[in-house]
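Peer 1: this is the structure alone, sequence omitted:
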């Protein structure tokens, strides 16, 4: 695999973003709005419960920040792919010596850049306006973010495979994926509140281990490193499965000729 070819995918995204303010604003505007909205909600809940009640800033606002980070990671992959779909440039890209692994690596690197911007903005808003500090979670914040990042990448690659298989209009199946996953991940509540069948699904989702661990730390409990390792292992497994699915879908699209849907000549 050539790093230069993967970097070329990132460079193309950089030129697209640099030349269009409409692509720059979503990198920080929506996450900032989320932090402000949920920040005032947590402040209100703190006034309702009083000084003797739980502090909702680390438990609720922290959960929003971490979930938004996962969402931005996923969208960083899918948006970079959609740019090629919308411009009917996907077929042109693979007419070059670029391999599938290089293309996916480029999408992942693009996601790292865009999601890092969103994370920094969220941290600045949450810390300066509402006093949230991720350091309150200790060193575990690093593996927490790692698990969410890996799972976000897996969801992004899987989402691109859906669009590649079903066609450009299938992007509407991709946008709701985080919303569908969030009830099972227990972002805002303990998994024990879920029905048994939903808890079984939650145990297969890496984010559920992160948010359960976050709530354990906030409540003053001890979080098991073994539990976190399960989350990391599942996230890595899902990345491998997502890459396998994307590769299979791409090869089938080439073999059957469906990939021609992404060429400029297919526009009527």
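Peer 2: Received, thanks. None of these values were measured; they are calculated from a predicted model.
Peer 1: am I right that residue 75 is in contact with residue 153?
Peer 2: No: look at residue 75 against residue 153 with Cβ atoms under 8 Å: they stay out of range, at 11.2 Å. Just so you know, the C-beta spots here come from the backbone N, C-alpha and C atoms, and that holds for glycine as well.
Peer 1: any common contacting residues for those two?
Peer 2: Shared contacts of residue 75 and residue 153, defined by Cβ atoms under 8 Å, 6 or more residues apart in numbering, comprise residue 111.
Peer 1: tell me where the stretch 101-250 of the chain has helices.
Peer 2: In the stretch 101-250 of the chain, the helices defined using DSSP state H, counting those that start in this stretch lie at 141-166, 177-185, 196-202, 206-218, 225-256.
Peer 1: now those in CSV, with mean neighbour count, distance to residue 60 and mean pLDDT?
Peer 2: Shown next, in CSV, are these (neighbours: other Cβ atoms under 10 Å; distance: least, Cβ to Cβ, whole Å; pLDDT from 0 to 100):
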stretch, mean neighbour count, distance to residue 60, mean pLDDT
helix 141-166, 22, 16, 93
helix 177-185, 17, 14, 94
helix 196-202, 13, 19, 94
helix 206-218, 23, 10, 89
helix 225-256, 16, 21, 91
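Peer 1: so which of those helices is nearest residue 71?
Peer 2: Checking the helices of the stretch 101-250 of the chain against residue 71 by Cβ to Cβ gives helix 177-185 as the closest, at 4.7 Å.
Peer 1: mind checking how far the closest one is from the chain centre?
Peer 2: 12 Å (Cα atoms, centre = their mean, to the nearest Å).
Peer 1: go on, stretch 251-259?
Peer 2: Using Cα atoms, centre = their mean, the offset of stretch 251-259 from its chain centre is 28 Å.
Peer 1: which residues does that stretch contact?
Peer 2: Contacts of stretch 251-259 (Cβ under 8 Å, 6+ apart): 90, 91, 94, 164, 165, 250.
Peer 1: which of those sits closest to residue 37?
Peer 2: Distances from residue 37 to the contacts of stretch 251-259, taken by Cβ to Cβ, are shortest for residue 164, at 34.4 Å.
Peer 1: wait, isn't the closest one in contact with residue 246?
Peer 2: Yes: counting by Cβ under 8 Å, residue 164 touches residue 246, with 7.1 Å between them.
Peer 1: buried set for stretch 47-64?
Peer 2: 55, 56, 57, 58, 59, 60, 61, 62, 63, 64 (16 or more other Cβ atoms under 10 Å).
Peer 1: as TSV, the residues you listed with secondary structure and distance to residue 33 would be great.
Peer 2: Output for the buried residues of stretch 47-64, formatted as TSV (DSSP: H, G, I helix; E, B strand; the rest coil; distance: Cβ to Cβ, whole Å):
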residue	secondary structure	distance to residue 33
55	coil	23
56	helix	19
57	helix	18
58	helix	20
59	helix	21
60	helix	16
61	helix	14
62	helix	17
63	helix	17
64	helix	11
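Peer 1: and of the residues you listed, the nearest to residue 37?
Peer 2: residue 64 (8.7 Å).
Peer 1: fine, thanks again, bye for now.
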